[in-house]
Structure formats: structure tokens, C-alpha cells
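Novice: Dropping a prediction and its sequence here:
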Amino acid sequence: MIRIDEWCCELDKKRAVSIIIICSILLLLIIVALTAYKLYGRFQLKANLKSDVVVEYGNPISLEEIVELKDGMTVSVSPPLDALKNVGDYTVKVNINREIFDVHIAIKDTTAPNLEVQDITRYIDEGLPDVKDFVTFSSDFSSFEILPIELESTVGEHEVEIVAQDVHGNVTKKIAKFVVKEDVEPPVFAGLTDITVYAGVKPDLYSGVSAVDERFGNVLFAVDDSQVSYNTPGEYTITYSAKDSLGNESVGTRKITILKKPEVYMIENFPVYHQYPNYPNGCESIALYNLLRYYGVNVTPESIVEKLKKGDGPHWDGESLYGGNPEIEFVGDPRDIHGYGVFQKPILEVANQFKSGMIDYTGHSFQDVLALVKKGIPVQVWTSIGAEDTEVCARWTYTPTGETIEWICDLHSVVVIGYTDTSVFVSDSYTGRIEEYNRKQFERMYNLFGKRALYYPN
């Protein structure tokens with residue numbers, strides 16, 4: 001018979017074992033649940049990762065390329081992404097909320113080299129270019145090389161394939177042309193214009209002439225004028241020849257015309273006097289002064305100016321402009337920079353006070369004037385400054401008669417002392433020198449100012 005106290009003790013043991021078993025089961029279930037929860041959370045985090053990431057070489061790697069970032073995430077990568085630069089396969093540790101994951105990153109170079117090429121032309125005697133001479137631009141993030149080529153050296157146009165290959169096997173191909181030329185072109189002459197000179201004059205036959213070779217530039221040339229007689233009027237041919245360094249030769253010709261030497265009629269030792277600064281508008285008085293000096297008359301410019309009749313310079317009276325008449329007086333004052341001028345009659349009156357017998361030759365042709373010069377007689381004439389074209393530039397009323405005075409600008413007076421077929425030589429007080437002017441142009445201005453002329457007969 002079992003005692004009650006023994007029975008109770010046995011019962012308590014069984015209960016204790018049951019409780020322990022139950023607690024163990026519960027603990028196990030809790031551990032399993034926690035482990036499952038952690039695994040689920042890790043699974044959830046891993047779902048935000050890209051297991052294999054491919055990046056083109058040279059491009060930066062961003063965190064977003066390997067993990068989808070969400071609120072509440074703390075992420076770090078080891079090694080740092082900016083440390084991954086070279087082509088290759090890498091495994092990085094990604095720490096997401098203290099969970100560590102491995103991510104594979106592949107850096108690949110799939111970009112072919114950037115290559116630009118040009119055509120090349122060479123002469124056959126210059127040798128072959130290097131393959132890199134065809135390349136005008138190339139770039140790549142990794143190193144590359146231009147593959148060697150074989151070039152043909154025969155005359156003609158050849159197609160060339162230029163190949164650039166980088167260390168990772170990326171290839172770019174471009175087509176260029178290689179042109180081989182044979183230099184058979186001679187130099188080309190420039191400047192072989194016709195020449196006209198007077199007998200006895202030998203011009204510079206090299207001036208303005210050049211022989212230019214397309215390849216070698218300017219080359220030396222020879223001149224053959226052995227058939228030209230520079231003292232005999234006529235037409236002749238001058239021959240030019242030039243060679244480049246390869247012996248290609250060109251020959252050119254130009255015509256030279258030898259004219260009969262013009263006769264020059266000149267009155268020697270004629271005086272000239274500068275009207276400035278004392279007589280800025282006194283050209284007529286100074287021209288007379290030079291004439292009187294030529295004939296040995298003891299006179300001064302001031303004495304001539306003092307005897308010259310003077311009238312009012314142009315001036316406004318109300319809305320009308322009034323002034324003197326150059327036919328009978330100097331308009332203004334020769335000593336005044338604002339003076340105008342005078343024609344031949346008032347000058348004639350003054351001239352006869354110093355040396356009588358001056359003749360008014362106004363109205364005669366310029367040819368008649370030169371006929372006097374040919375006889376050794378200097379002639380004072382009216383023209384324009386520098387024999388330049390001019391025109392009427394002012395009009396005013398001469399008060400005593402009411403007539404209108406038309407004033408031609410740049411009035412000037414000089415003494416004609418020589419001429420040729422094409423030139424006129426004058427004693428010019430405006431420049432203070434003996435000047436040479438174009439004969440036709442000078443005659444035009446002489447006619448424009450009324451063919452006004454004065455002279456002393458010898």
C-alpha cells in the first residue's frame with residue numbers, strides 16, 4: 001500500500017517535469033519565432049539589394065545602383081564605392097541596419113576608342129607617313145593603340161583602314177585616303193605685266209615679279225633681256241625662267257616698250273618762294289614776286305601786297321552774303337588766313353608799277369602758254385591747289401554793281417616754267433618748291449579758272 005505522502009511527492013515530480021517540458025517547448029517556439037522573424041527581416045532587407053551590379057568603366061558607382069534606399073535605413077559599404085576604379089570583379093560588404101550582405105560588382109569597359117582620321121597627300125619622293133599621322137583626334141578612358149598598317153607608295157589614291165584598339169579589346173575602325181602624287185608641276189610666274197619706259201632707262205626687271213612653286217614656295221628665277229636695246233625705241237620681249245629643286249622648269253615672257261625720250265623744256269634757275277606763314281592766301285602776289293625776281297627787279301613780297309587793291313571779304317548782311325570782286329580787287333587780305341583771292345587784272349596793275357610791259361594773256365589756250373615757255377618765257381597762270389579737281393563753293397553779291405560772284409574753291413596761282421609731253425613744271429608758292437603736275441589735269445584746271453595768264457615778253 002502506497003503512502004499518501006509518497007504519492008503526493010511522485011505527483012509533484014511529474015508535474016515539474018511537465019512544466020519543464022512545456023517551458024522548453026515554449027522557449028523553443030519563441031527562439032524559432034525570433035529566428036524566423038530575423039530571417040524574414042533579413043530577407044526583406046536583401047530584397048532591396050541588387051546581387052550583381054555591372055558598371056561601365058569610368059563611370060562613378062552610386063549607392064542607389066546597389067541598394068534601393070528607404071526611410072529608416074542606415075547603409076554603409078566596405079570598401080567605399082569610390083575606391084572601385086579599375087576594370088574587374090569586386091565583392092563589397094553592404095551593411096543595412098547592421099545586417100551584412102555581399103554584393104558582386106563588375107566594372108567593364110565596353111566603350112570603343114573615339115577616333116577621328118584625316119586624308120593625307122604626299123609626294124612620291126617624300127616617303128611614307130606614320131599611321132598616327134592619319135589620326136586627328138582620339139580618346140578613351142583606358143589606354144589604346146593604333147594598329148600598324150602597310151601603305152602603298154605608288155602614285156594614286158589608296159584607301160587606308162585605321163584601327164584603334166584599347167587594352168580591353170574594344171575596337172574602332174575608320175577609313176582614310178592616302179594620295180601619292182608625283183611632282184611634275186613647275187613654278188608659276190606672277191607679275192609679268194608689260195613695261196613702258198623711255199629710251200635710256202632700264203627698269204628693275206625683278207621688281208613685282210615672283211615665281212612660286214606649289215610645293216616649294218618662292219623660287220629663284222633668271223631674267224634674259226639680251227634682245228632689248230634700251231636706247232632704241234621699239235617693242236621687245238624679256239624672257240623669265242625658273243626651276244624648282246626637282247628640275248621642273250617654267251618660262252614666262254613680258255613685253256617692254258621703249259618710247260622715244262620726251263623733250264623737256266625747262267627755264268633754269270627760276271626762283272621759288274614759300275607763301276607761308278606770312279601770306280597764307282597770297283599765292284598771286286608771290287607768283288608775281290617770283291617773276292619780278294627772275295627779271296632782276298628789286299622788290300619784296302610785302303611791297304607787292306601793299307600796292308594790291310583790296311576789297312571786302314565775304315560777309316553776311318541780314319540774310320544775304322556780300323563781298324568783293326576778284327576781277328578788280330583782292331577779296332579780303334592775302335595776309336589773312338580767311339582771305340580769298342584775286343584774278344589777273346589787279347595783279348597786272350601792280351606788276352606794271354615795278355616793271356612795265358606785262359601782257360595779259362587771258363583767254364589763250366594752254367598750248368599757247370607752253371609755246372611761250374618753249375621760248376624761255378615764264379608765264380603766271382591761275383589754277384587750283386595741287387591741280388586738283390574743284391568746283392564753285394560760294395556765291396555772294398558785289399555791292400557796287402549787284403552782280404553775283406561765283407567763287408571756285410582752292411584758287412591758286414603759279415608760274416609755269418617747263419613741260420614735257422605729259423608733265424608741267426611750275427614754281428609753286430603753296431609748297432615752296434618746283435612741282436611737277438600731270439599736264440592734262442593741269443590744263444583742265446587752267447581752263448576751269450578762265451584761262452587766266454600773265455607774262456613779261458623777253
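Specialist: Right, received. Where do you want to start?
Novice: In this structure residue 425 contacts residue 436, no?
Specialist: Yes - under the criterion of CB atoms under 8 Å, residue 425 makes contact with residue 436 at 5.5 Å. Any C-beta I mention is one placed from the backbone N, CA and C, and that applies to glycine too.
Novice: Look at those two and report which has more neighbours.
Specialist: residue 425 (23 against 16; other CB atoms under 10 Å).
Novice: Which other helices and strands does the helix or strand containing the more buried one contact?
Specialist: Using DSSP states H and E, residue 425 maps to strand 423-428. Using 3 or more CB pairs under 8 Å, 6 or more residues apart in numbering; DSSP states H and E, the elements in contact with strand 423-428 are strand 411-419, strand 433-438, helix 439-448.
Novice: Centre of the chain to it, how far?
Specialist: 41 Å (CA atoms, centre = their mean, to the nearest Å).
Novice: nearest to residue 136, of the helices and strands packed on strand 423-428?
Specialist: Residue 136 lies closest to strand 433-438 among the helices and strands packed on strand 423-428, at 57.8 Å (CB to CB).
Novice: Figure out how far that closest one is from the centre of its chain.
Specialist: The chain centroid and the centroid of strand 433-438 are separated by 37 Å under CA atoms, centre = their mean.
Novice: next one: stretch 86-101
Specialist: Counting by CA atoms, centre = their mean, stretch 86-101 is centred 63 Å from the centre of its parent chain.
Novice: rewinding a little: quick one, which of the helices and strands packed on strand 423-428 is packed in tightest?
Specialist: Each of the helices and strands packed on strand 423-428 was scored by mean neighbour count; the highest is strand 411-419, a mean of 25, by mean count of other CB atoms under 10 Å.
Novice: and the angle from that one to strand 423-428?
Specialist: 130 degrees (axes from the mean of the first three to the mean of the last three CA atoms, to 10 degrees).
Novice: What pairs with strand 411-419, parallel or antiparallel?
Specialist: Its sheet considered, strand 411-419 pairs with strand 265-266 (antiparallel), strand 379-384 (antiparallel), strand 423-428 (antiparallel) by DSSP bridges.
Novice: what's next to the second one, contact-wise?
Specialist: For strand 379-384, the surrounding residues in contact (CB atoms under 8 Å, 6 or more residues apart in numbering) are 284, 287-288, 291, 343-344, 347, 361, 369, 372-373, 390, 408-416, 442, 445-446, 448-450, 452-455.
Novice: mind redoing it with 7 Å?
Specialist: 287-288, 291, 343-344, 361, 369, 372-373, 390, 410-416, 442, 445-446, 449-450, 452-455 (CB atoms under 7 Å, 6 or more residues apart in numbering).
Novice: Quick one: name whatever helix or strand follows it.
Specialist: In N-to-C order, the element after strand 379-384 by DSSP H and E is strand 392-397.
Novice: For that next one, which helices and strands make contact with it?
Specialist: Under the contact criterion of 3 or more CB pairs under 7 Å, 6 or more residues apart in numbering; DSSP states H and E, strand 392-397 touches strand 320-322, strand 404-408.
Novice: In the stretch 151-300 of the chain, what residue spans correspond to helices?
Specialist: Taking DSSP state H, counting those that start in this stretch as the criterion, the stretch 151-300 of the chain carries its helices at 283-294.
Novice: where along it do the strands fall?
Specialist: For the stretch 151-300 of the chain, the strands defined by DSSP state E, counting those that start in this stretch occupy 156-166, 171-181, 188-190, 195-198, 210-213, 217-218, 221-224, 234-243, 249-259, 265-266.
Novice: Report pLDDT for the residue lying closest to residue 177 once chain neighbours are set aside.
Specialist: What sits nearest to residue 177 in space, not counting adjacent residues and going by CB to CB, 6 or more residues apart in numbering, is residue 119, at 4.1 Å. Among the per-residue scores, residue 119 holds a pLDDT of 93.
Novice: and residue 119, how far is that from residue 183?
Specialist: Applying CB to CB, to the nearest Å, the value for residue 119 to residue 183 is 18 Å.
Novice: Also residue 112?
Specialist: Residue 112 is 39 Å from residue 183, by CB to CB.
Novice: What angle do helix 283-294 and the strand holding residue 425 make with each other?
Specialist: Using the same axes, to 10 degrees: strand 423-428 against helix 283-294 is 90 degrees.
Novice: Mind listing residues that contact strand 423-428?
Specialist: Residues contacting strand 423-428 (CB under 7 Å, 6+ apart): 266, 270-272, 290, 414-419, 434-439, 442.
Novice: residue contacts, residue 414?
Specialist: Contact partners of residue 414, counting by CB under 7 Å, 6+ apart, are 287, 381, 383, 426, 427, 428.
Novice: how about 10 Å then?
Specialist: Residue 414 makes contact with 272, 283-284, 286-287, 290, 379-383, 385, 387, 424-431, 435, 437, 442, according to CB atoms under 10 Å, 6 or more residues apart in numbering.
Novice: low pLDDT regions in the stretch 1-150 of the chain?
Specialist: 1-11, 31-47, 138-143 (pLDDT under 70).
Novice: In the stretch 151-300 of the chain, where is pLDDT below threshold?
Specialist: Of all residues in the stretch 151-300 of the chain, none has pLDDT under 70.
Novice: and if we set it to 90?
Specialist: Applying pLDDT under 90 to the stretch 151-300 of the chain picks out residues 151-155, 162, 164-170, 172, 181-183, 261-263.
Novice: a helix runs through residue 22, doesn't it?
Specialist: Yes - checked against DSSP: H, G, I helix; E, B strand; the rest coil, residue 22 lies within a helix.
Novice: That one: neighbouring residues, count only.
Specialist: When neighbours are counted by other CB under 10 Å, residue 22 comes out with 10.
Novice: Output stretch 185-194 as CSV, restricted to C-alpha atoms.
Specialist: The C-alpha coordinates for stretch 185-194 follow below in CSV (Å, rounded to 0.1, in the frame of the first residue of the first chain):
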residue,chain,number,x,y,z
GLU,A,185,54.4,71.0,-111.8
PRO,A,186,56.8,73.8,-112.5
PRO,A,187,56.8,77.2,-110.7
VAL,A,188,54.2,79.7,-111.7
PHE,A,189,55.2,83.3,-112.6
ALA,A,190,53.3,86.3,-111.3
GLY,A,191,53.8,90.0,-112.1
LEU,A,192,54.9,89.7,-115.7
THR,A,193,53.0,92.7,-116.8
ASP,A,194,54.0,94.8,-119.8
